[in-house]
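Participant: Dropping the sequence and predicted coords here.
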Amino acid sequence: MIGKIKTFKILLLGNHNTGKTQFNKSISEMDVIVTPPAFDEKTTQLIRSVDFGKLGIDNDQVVIHFFGNGEIFPLSKYPPLSGSLELLTVDGIVFLPKNRAGDAAYQFEADNLAEEKNEFNLIQQRGIPYLIVANRQDQENTFSPDQIRRRLDIPESTPIYPCVATDKTIVQRIVLELFKAMPPSDDVQTVIDFLSTPEVLGVDFDSVGKDKA
Ligand SMILES: Nc1nc2c(ncn2[C@@H]2O[C@H](COP(=O)(O)OP(=O)(O)OP(=O)(O)O)[C@@H](O)[C@H]2O)c(=O)[nH]1
Ligand SMILES: [Mg+2]
């Protein structure tokens with residue numbers, strides 16, 4: 001018999017090389033599917049690539065789909081995120097602002113900053129539960145959560161979580177925090193209960209990345 005199945009859609013939103021695919025890999029139970037970017041001959045527009053990952057709970061009675069917008073560089077050639085259907089239909093957003101380490105495209109910081117401020121405003125306007133992560137905290141030359149807050153004018157009331165996207169436990173904790181920010185329901189509670197393992201609850205955000213070399 002097929003029971004009631006609840007699906008949540010979570011968007012991992014961020015510019016090139018911010019850790020979207022890695023975040024997805026760390027939370028998904030399956031190999032994350034990464035589509036290549038494409039080119040529309042008719043409109044001469046580039047089509048964003050998409051990452052797709054999945055976490056199923058209780059024999060897939062509750063399923064979380066994680067979508068990441070893929071390569072969006074160069075920004076000017078891609079459709080604006082404001083037109084993105086994903087933003088209209090998702091249950092939650094993890095926003096990964098650009099951070100420095102390993103970022104060959106960092107010279108375009110000014111463009112990124114303007115686009116990211118715009119993205120943040122759009123996310124707020126949608127009223128979709130979201131949170132912001134300061135990724136790559138294990139690496140050198142990265143912005144702290146406070147630095148990202150100042151760069152993007154993010155209000156104190158909006159939490160910014162330090163993150164290491166290669167660390168499954170930290171990623172699970174951040175997804176847990178996102179579900180805690182959603183309107184309560186039995187299905188949301190199922191996800192919260194599933195992710196609330198002692199290890200995940202033991203993540204100390206004050207010490208994330210503090211042991212970097
Ligand atoms: N050490 C470390 N490596 C990271 C972290 N986040 C991502 N990476 C690595 O950085 C590289 C790029 O990360 P991706 O997850 O592919 O970045 P992306 O946002 O999907 O990039 P695009 O798809 O090109 O837009 C990969 O090798 C990741 O494993 C992190 O927090 N710490
Ligand atoms: Mg990617």
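Facilitator: Perfect, I can see it now. Ligands and ions are numbered 1, 2, ... in the order given.

Participant: that's a strand at residue 23, yeah?
Facilitator: No. Counting by DSSP: H, G, I helix; E, B strand; the rest coil, residue 23 falls outside a strand, being helix.

Participant: Against residue 189, how distant is it?
Facilitator: Using C-beta to C-beta, to the nearest Å, residue 23 is found at 23 Å from residue 189. In this view, the C-beta of every residue, glycine as well, is placed from N, C-alpha and C.

Participant: likewise residue 119?
Facilitator: 30 Å.

Participant: ok, is the helix of greatest length in the chain in contact with ligand 1 or not?
Facilitator: Looking across the chain with DSSP state H, the single longest helix is helix 109-126. No. Figure legend: helix 109-126 not in contact with ligand 1 (C-beta under 6 Å from any ligand atom); closest approach 11.8 Å.

Participant: Run through the neighbouring helices and strands of that helix.
Facilitator: Helix 109-126 is packed against helix 85-89, strand 92-96, helix 145-152, with contacts defined by 3 or more C-beta pairs under 8 Å, 6 or more residues apart in numbering; DSSP states H and E.

Participant: could you check the angle helix 109-126 makes with the longest one?
Facilitator: Inter-element angle recorded for helix 145-152 and helix 109-126: 90 degrees (by axes from the mean of the first three to the mean of the last three C-alpha atoms, to 10 degrees).

Participant: Can you tell me who residue 67 pairs with across the strands?
Facilitator: residue 11, residue 52 (DSSP bridges).

Participant: how much space is there between it and ligand 2?
Facilitator: Counting by C-beta to the ion, to the nearest Å, the gap from residue 67 to ligand 2 is 11 Å.

Participant: quick one, what contacts that residue?
Facilitator: Contact analysis of residue 67 by C-beta atoms under 8 Å, 6 or more residues apart in numbering lists 9, 10, 11, 12, 50, 51, 52, 86, 90.

Participant: Double-check the fifth one against residue 69; I have them as touching.
Facilitator: Yes. With contact taken as C-beta atoms under 8 Å, residue 50 and residue 69 are classed as touching, separated by 6.7 Å.

Participant: For these two, work out which one has more neighbours and name it.
Facilitator: Between residue 50 and residue 69, counting by other C-beta atoms under 10 Å, residue 69 is the more crowded of the two (21 against 15).

Participant: Read off the pLDDT value for the more buried one.
Facilitator: pLDDT, residue 69: 74.
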